[in-house]
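1. Provided below for reference: sequence and predicted model.
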Amino acid sequence: MGQDTDEIEKLWKGVTMGTTLRVDRRTLLKLGISTGVLASVPLAGCAITGSASDFMLEFISDSEIPVNSDRTGVLDRESFETLASLCDYVARSWQLPTELDAYFGQLESDLQLKSREAPAYLTEYENAVQLVDRMRGELKSDDQAWSALLFGELPEDELAPTRIGRARSLVFSEIIAHQIPLSGAFRSFGLVNYRGYFGGPYASVGSYRRGAV
């Protein structure tokens, strides 16, 4: 376990401006990352500069449902590819041996469904894409941008109604929670099946089990 932890920390050290920010699970929850996603993320992140913080902290809504939920439509291809790049980052950073090309078809189908049917997430997706584009312009690489978006510390205690808070909870967390079981990435954690993955009934506890050692 110690060796695994060391390897995880190496992935995150010096990602942004040569700075490492260490945070615990309570802090990550406050940042807007769901408890389900926390089961599979490293406990270290990087700090970001303040140049984009005003944009990230813009008030969007304090509603628990998606903003403009009655606005339906099609998520354009460029926007989907921007959001799907989160999966590339997760697989690369956490060393998950998955074939993402096969998985992306299912991800796109599900995001399109949530864009076309009310309550629609289309506006939330578009707001999240704007964040990604902004951070890509501020930082040197996609890895730095995603590290900042997922784990960057901001000068605000209540992030839930902000642009970054809603993107973390309603978009980024949900994509990661979708990716881990449906892409087969769960096998990296020593599992041979996962609830919701083809091969075991979703409601059966027996479909979530560790492989033989």
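-> Received, thanks.

2. ranges for the helices of this structure?
-> Here the chain has its helices, by DSSP state H, at 2-12, 25-31, 35-38, 53-56, 77-93, 100-116, 122-138, 142-151, 163-167, 173-182.

3. Give me whichever of the ones you listed is most buried.
-> Highest mean neighbour count among those (mean count of other Cβ atoms under 10 Å): helix 163-167, with a mean of 25. C-betas here are computed from N, CA, C, even on glycine.

4. What's the separation between the nearest residue to residue 73 once chain neighbours are set aside and residue 152?
-> Distance criterion Cβ to Cβ, 6 or more residues apart in numbering; nearest residue to residue 73, sequence neighbours excluded, is residue 122 at 5.2 Å. Look at residue 122 and residue 152: by Cβ to Cβ, to the nearest Å, they are 25 Å apart.

5. that older thread, pretty sure the residue nearest to residue 73 is touching residue 71, no?
-> Yes: Residue 122 lies in contact with residue 71 (Cβ atoms under 8 Å); the separation is 5.9 Å.

6. what's near enough to touch the residue nearest to residue 73?
-> By Cβ atoms under 8 Å, 6 or more residues apart in numbering, the contact set of residue 122 is 68, 71-73, 75, 114-115.

7. Can you list the low-confidence ranges for the chain?
-> Within the chain, the stretches with pLDDT under 70 are 1-51, 97-98, 184-213.

8. What is the neighbour count of the closest residue to residue 165 other than its chain neighbours?
-> Nearest non-adjacent residue to residue 165, counting by Cβ to Cβ, 6+ apart: residue 159, 3.4 Å away. Counted with other Cβ atoms under 10 Å, residues neighbouring residue 159 total 19.

9. Look up how far residue 93 lies from residue 159.
-> 22 Å.

10. and what of residue 149?
-> Counting by Cβ to Cβ, the gap from residue 149 to residue 93 is 13 Å.

11. Return the residues in contact with residue 75.
-> Applying Cβ under 8 Å, 6+ apart, one finds that residue 75 lies in contact with 111-112, 115, 122, 125.

12. where's the closest residue to it other than its chain neighbours relative to residue 109, distance?
-> Excluding its sequence neighbours, the residue lying closest to residue 75 (Cβ to Cβ, 6+ apart) is residue 115, at 4.5 Å. Distance, residue 115 to residue 109, using Cβ to Cβ: 11 Å.

13. Same check on residue 137?
-> 30 Å.

14. Also residue 153?
-> Counting by Cβ to Cβ, the gap from residue 153 to residue 109 is 35 Å.

15. And residue 85, how close does it get to residue 100?
-> 10 Å.

16. still on that earlier bit, and the contacts of residue 122, which is closest to residue 178?
-> The shortest gap between residue 178 and any of the contacts of residue 122 belongs to residue 114, at 10.4 Å (Cβ to Cβ).

17. contacting residues for that closest one?
-> Counted by Cβ under 8 Å, 6+ apart, residue 114 has contacts 120-122.

18. Nearest to residue 79, out of those residues: which one, please.
-> Proximity of the contacts of residue 114 to residue 79 was ranked by Cβ to Cβ; the top entry is residue 122 with 9.3 Å.
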